[in-house]
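Trainee: Sequence and computational prediction follow.
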Amino acid sequence: MIEILMVDDHAIFRSGLRRLLADEPDMRIVAEAANGLEAMEHLRRRSYGVVLLDVNMGGRSGFETLRRIRAEWPSQPVVMLSMYPEAQYVQLALEAGAQGYLSKDRDAVQLVTAIRAAASGGCYLAPGLAAPRLGRQRDGAPRHYSLTEREGQIMRLIVQGHSLTAIGEQLCLSVKTVSTYRGRLLTKLGLESNAELVRYCLENGIED
């Protein structure tokens, strides 16, 4: 069962989403928050399969809340929801550490798919939306400069040929957590596979 924390400042939207997801046998909303502060309080009490996080909220914004979540719970899956167009904000969301970004006018099937993808350690992009594939950040720095220390560590271990299970044992992490880190670093680098990751490291002079 995927247990979900829903973070949105509109009670009617939260109620509608709760009814929508009630039809799914493998997921349910178990907690709600109206703002980022309440969301952090919920997360300090327990973890969730996925956090659904609104971008535009009163007080602390969704992006600021996401940065706080990443700082305290790096492996917590988060899918961002917003009325803003995906093409405008999806890269910002993924760079900030979200596992997906969906406009609220998307259909329910895509939302359910995004939740399942995030809960399993993957990322989700809506159909027709290309994954970011930039070699450098806006300031001209290589994309791997945006990786956290842990993401960089896991990247090097993958390139060295270690399996996710072996990496988890070495770093005292669960395989699911390692998989989440892998999905996040691939997204940040605009890559889709370990083979592409190896090629990227070779092209950018990243040694094992």
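Mentor: Yes, it's here. Numbers count the residues shown, from 1 in each chain.
Trainee: got a list of what the spatially closest residue to Arg60 that is not a sequence neighbour touches?
Mentor: Nearest residue to Arg60, sequence neighbours excluded (C-beta to C-beta, 6 or more residues apart in numbering): Gly36, at 3.4 Å. The way it works is simple: take the backbone N, C-alpha and C, and place the C-beta from them, glycine included. By C-beta atoms under 8 Å, 6 or more residues apart in numbering, Gly36 lies in contact with 7, 57, 59-62, 64-65, 68.
Trainee: out of the residues you listed, which are buried?
Mentor: 7, 57, 60-62, 65, 68 (16 or more other C-beta atoms under 10 Å).
Trainee: which two from those end up farthest apart in space?
Mentor: Maximum pairwise distance in those, criterion C-beta to C-beta, is 12.9 Å, between Met57 and Arg68.
Trainee: Helices of the chain, residue ranges please.
Mentor: With DSSP state H as the criterion, the chain has helices at 11-21, 36-45, 62-72, 86-96, 108-119, 149-159, 164-171, 175-189, 194-203.
Trainee: and the gap between Leu66 and Val7?
Mentor: 10 Å (C-beta to C-beta, to the nearest Å).
Trainee: list residues touching both of these two?
Mentor: In contact with both Leu66 and Val7: Leu53, using C-beta under 8 Å, 6+ apart.
Trainee: Pick out the least confidently modelled helix or strand of this structure, by mean pLDDT.
Mentor: helix 86-96 (a mean of 72; mean pLDDT, DSSP states H and E).
Trainee: Pick out the residue closest to the middle of the protein.
Mentor: Residue closest to the mean C-alpha point of the chain, counted by C-alpha atoms, centre = their mean, is Gln99 at 2.2 Å.
Trainee: residue contacts, that residue?
Mentor: Contacts of Gln99 (C-beta under 8 Å, 6+ apart): 50, 77-79, 114, 117-118, 122-124, 180, 183-184.
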